[in-house]
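Participant: Turn this into a model:
(one chain, ligands or ions: 2)
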Amino acid sequence: MRQLEERYLERLSQLYPTIAKASTEIINLQAILNLPKGTEHFLTDIHGEYEAFAHVLKNGSGSVRRKIDDVFGNTLSSRDKQTLATLIYYPKEKMDRIKKTEKNMEDWYKITLYRLIEICKRTASKYTRSKVRKALPADFAYVIEELITEKKDMTDKESYYNAIVSTIIRIGRAEKFIIAMSELIQRLTVDHLHIVGDIYDRGPGPHIIMDKLMDYHSVDIQWGNHDVLWMGAAAGQRGCIANVIRICARYGNLDILEEGYGINLLPLATFAMNTYRDDPCECFKLKGSPNYSTSEMLLDVKMHKAISVIQFKVEGQIIKKNPGFKLDKRNLLHHIDYEKGTIELDGKEYKMLDSNFPTIDPKKPYALTKEEEDIMERLERAFENCEKLQSHMHFLLNKGGLYKVYNGNLLYHGCVPLKEDGNLKSVRIFGHTYKGKGLYEVLESYVRKGFYAMDSKEKERGKDIMWYIWLSENSPLFGKDKMATFERYFLAEKETHKEKKNPYYLLLEDEKVICHILKEFGLENKDAHIINGHVPVKCKDGEKPIKCGGKVLVIDGGFSRAYQKETGIAGYTLIYNSYGLILAAHEPFESTEAAIEKESDIHSDSTVVKRTLERKKVEDTDVGRHLKEQIADLEVLLAAYRSGVIAERL
Ligand SMILES: O=P(O)(O)OC[C@H]1O[C@](O)(COP(=O)(O)O)[C@@H](O)[C@@H]1O
Ligand SMILES: [Mn+2]
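Facilitator: Ligands and ions are numbered 1, 2, ... in the order given. Below you'll find the predicted structure:
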């Protein structure tokens, strides 16, 4: 042990070779501990809505606007503040419009630059110089640092600033500079982003969102069931591939696959056209209103049906292969009477809304036809070999997980499976029993195995687990008793469509249960919160996102347009800054165009969930804890130098 400590100190002394260097580092770290805590931003259930997502990222769910209010208070009209906010979100586009009407651009540049400098000063004041420096755009790094650094003892500050600003304008760099400042403000307003799941499906641009996230300065992701579905597809799991394509077809988003990821769907399209040529595919009408021509629409519904039938078949095979998944009840194709066009479910007979199944052999309903098999083989290869998809999925693997404990909060997408009495539900995974945190951990480890395991059997299990996470009633990311996809397509009886939620969702107001979950994940502090998404909060029915006296925050971002009529708003996001927790309710996002032109900001309403008595500092955060450990280590090193145990490396 002693030897280990000495070896560690030796290593540390290579980094801080002298008393002076070690002391300076201690002082620097101590200074960081006393800075205000950085702002965290939480978004969930983005579901491919890249424009709304980009907007919320730009406005920091109201954080930029709050900064403008803090700096300018009553000295600017609310109209001017809104224009300034829009400029910060969309600097280039806004300036292009302003230039068309503004008579004195030079004046406008001057005023705008001063305003931006003031806001930038305020946003930067929370960080160390070194952190700000790292965020500065290379072209203007030096000037911006000059402009935002307080020069206390300079006598004629004003003329010094004026000279810089006038030069920027005179040499024609004002626009570029305004863009750089605006982006810097956006960058500094939010220190860290949490995505609490469901980036994928329903909306048109999940791949664009992923590109943005990969570019973002600091982010973690708690996978949602839809994200794990795409991960499974990328790993070549057939159930996941079929679901991914089915959902894209259902929402008129096959472009994501074809154009976004370059996955060739021609074999499926040709097969669908031939197989369902005269079939109107009534049950497979699209959701939403995609921009389709009639022939595109016709093709899409046929592909939608073709891949759905393939899905029910391959899922049947996965269920048979994995009896431990206990999903046999979800195999329904063998309950269909193909002649009568009916199905028997739980002893009751239902009329099927569709009875044209040319590819199903009633004796072997789960077997793929030769053509279907061929299509699936090609799709498997296409998903596995798509470089862009693989890079997006590896980003999810590297930056994400099934849950996260961060600054005293517990983040996960769906739920912790519970029994009706509120105790943790035990679940069998490949012959072993797990619950609570253990369940989360084993599932996550299998997801990773699905990509990285050397042992082919474990790898296969890992792939199948991704599909299991998508729809099992015991999956913490799904948390409903069944996924009623089949019933929703083929049966008119609404009661068969019902997906009953895990008791977790009924127990969200039960403090004992919630504290138990938090404790299970190591959070015993009374200030801890659970933050989850997944279930839309039906605001129009009076439902509230704040549960259990503020201990639980269900912030389904509600970005998904298809769901906005159910919730009545566009959903919630959360901000955790040094003053506390702020919940932002959003109105539906019209378009980027409207956001710029009408200066409409989707952020509508903020509720302070919790206000801290004292402003939280870095020392109160997880990073602060690491810094304190580092300081303690450095102090040991310092003592070792002083007592002669270790020599300085001069
Ligand atoms: O209406 P859609 O898009 O077909 O999806 C409905 C399905 O999506 C789910 O709600 C899962 O998606 P979420 O994770 O977004 O809730 C299923 O429970 C349901 O069967
Ligand atoms: Mn979800």
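Participant: Spell out which residues of this protein are next to ligand 2.
Facilitator: Where the chain comes near ligand 2, counting by C-beta under 5 Å from the ion, the residues are 198, 224-225, 534. In short, each C-beta sits where N, CA and C put it, glycine included.
Participant: are any of these buried, and which?
Facilitator: Among these, those that count as buried by neighbour count (16 or more other C-beta atoms under 10 Å) are 198, 224-225, 534.
Participant: Let's see which of those residues end up in helices.
Facilitator: Members of these lying in helices (criterion: DSSP state H): Asn225.
Participant: could the buried ones among the residues of the chain next to ligand 2 be laid out in a markdown table, adding pLDDT?
Facilitator: A markdown table is the format used below for those (pLDDT from 0 to 100):
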| residue | pLDDT |
| --- | --- |
| Asp198 | 97 |
| Gly224 | 98 |
| Asn225 | 98 |
| His534 | 92 |
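Participant: quick check, Arg428 in a helix?
Facilitator: No: Arg428: not assigned to a helix; according to DSSP: H, G, I helix; E, B strand; the rest coil it is strand.
Participant: Under the pLDDT cut-off, which ranges of the stretch 101-250 of the chain? List them.
Facilitator: Along the stretch 101-250 of the chain, the model assigns pLDDT under 70 to residues 152-155.
Participant: and the residue of it nearest ligand 1?
Facilitator: Ranking the residues of the stretch 101-250 of the chain by distance to ligand 1 (C-beta to the nearest ligand atom) places Asn225 first, at 4.7 Å.
Participant: Confirm for me that that residue is in contact with His534.
Facilitator: Yes: look at Asn225 against His534 with C-beta atoms under 8 Å: they come within range, at 7.5 Å.
Participant: So for these two, which residues contact both of them?
Facilitator: Shared contacts of Asn225 and His534, defined by C-beta atoms under 8 Å, 6 or more residues apart in numbering, are found at 197-198, 413-414, 477.
Participant: Buried ones from these, can you make that a ChimeraX selection?
Facilitator: In ChimeraX, selecting the buried portion of the shared contacts of Asn225 and His534, with burial taken from 16+ other C-beta under 10 Å, looks like this:
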select :197,198,413,414,477
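Participant: out of the shared contacts of Asn225 and His534, which one sits closest to ligand 2?
Facilitator: Ligand 2 has its nearest neighbour among the shared contacts of Asn225 and His534 in Asp198, at 4.5 Å by C-beta to the ion.
Participant: The stretch 201-350 of the chain against ligand 1: which residues are in contact?
Facilitator: 202, 225-226, 250 (C-beta under 6 Å from any ligand atom).
Participant: if you set the cut-off to 8 Å instead, what comes out?
Facilitator: With C-beta under 8 Å from any ligand atom as the criterion, the stretch 201-350 of the chain comes near ligand 1 at residues 201-202, 224-226, 247, 250-251, 287.
Participant: from these, which is closest to Thr342?
Facilitator: Distance to Thr342, by C-beta to C-beta, is smallest for Arg250 among these, at 24.7 Å.
Participant: wait, isn't that closest one in contact with Leu286?
Facilitator: Yes: judged on C-beta under 8 Å, Arg250 makes contact with Leu286 at a distance of 6.3 Å.
Participant: and for these two, which residues touch both?
Facilitator: Counting by C-beta under 8 Å, 6+ apart, the contacts common to Arg250 and Leu286 are His304.
Participant: returning to what we had before: mind listing what the residue of the stretch 101-250 of the chain closest to ligand 1 touches?
Facilitator: Counted by C-beta under 8 Å, 6+ apart, Asn225 has contacts 197-198, 413-414, 469-471, 475, 477-478, 534.
Participant: Just the ones of these in helices?
Facilitator: Per DSSP H, the contacts of Asn225 map to helices at 469-471.
Participant: what would these look like in JSON lines with pLDDT and neighbour count?
Facilitator: Shown next, in JSON lines, are the ones in helices among the contacts of Asn225 (pLDDT from 0 to 100; neighbours: other C-beta atoms under 10 Å):
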{"residue": "Ile469", "pLDDT": "98", "neighbour count": "28"}
{"residue": "Trp470", "pLDDT": "98", "neighbour count": "26"}
{"residue": "Leu471", "pLDDT": "98", "neighbour count": "23"}
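Participant: what's the average pLDDT for the lengthiest helix in the chain?
Facilitator: Ranked by number of residues, the top helix in the chain under DSSP H is helix 294-321. Per-residue pLDDT over helix 294-321 has a mean of 96.
Participant: and if you look at stretch 607-620?
Facilitator: Mean pLDDT, computed over stretch 607-620, is 85.
Participant: Point to the residue nearest the middle of the chain.
Facilitator: Geometric centre of the chain, nearest residue: Ile195, 2.8 Å, by C-alpha atoms, centre = their mean.
Participant: Find the nearest non-adjacent residue to that one, please.
Facilitator: Leaving aside its sequence neighbours, Ile195 sits nearest to Ile221 (C-beta to C-beta, 6 or more residues apart in numbering; 4.5 Å).
Participant: Please tell me I have it right and Tyr89 contacts Asn59.
Facilitator: Yes: the pair Tyr89 / Asn59 is scored as a contact, 5.8 Å apart, by C-beta under 8 Å.
Participant: ok, back up a step: and the host helix or strand of the residue nearest to Ile195, what does it pack onto?
Facilitator: Of the helices and strands defined by DSSP states H and E, Ile221 is found in strand 219-222. Applying 3 or more C-beta pairs under 8 Å, 6 or more residues apart in numbering; DSSP states H and E, one finds that strand 219-222 contacts strand 192-195, helix 387-399, strand 400-401, strand 403-406.
Participant: And Arg250 and Leu286? Which one has more around it.
Facilitator: More crowded of Arg250 and Leu286, by other C-beta atoms under 10 Å: Arg250, with 24 against 16.
Participant: Contacts only, for the more buried one.
Facilitator: Neighbouring residues of Arg250 by C-beta under 8 Å, 6+ apart: 284, 286-287, 304.
Participant: thinking again about what came up before, need the buried ones among the residues of the chain next to ligand 2 in JSON lines with distance to Met105, can you?
Facilitator: JSON lines is the format used below for those (distance: C-beta to C-beta, whole Å):
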{"residue": "Asp198", "distance to Met105": "44"}
{"residue": "Gly224", "distance to Met105": "46"}
{"residue": "Asn225", "distance to Met105": "51"}
{"residue": "His534", "distance to Met105": "49"}
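Participant: which among the buried ones among the residues of the chain next to ligand 2 gets closest to Tyr406?
Facilitator: Distance to Tyr406 across those (C-beta to C-beta) is lowest for Gly224, with 16.9 Å.
Participant: Could you measure from that closest one over to Ile596?
Facilitator: Note on Gly224: its distance to Ile596, by C-beta to C-beta, to the nearest Å, is 30 Å.
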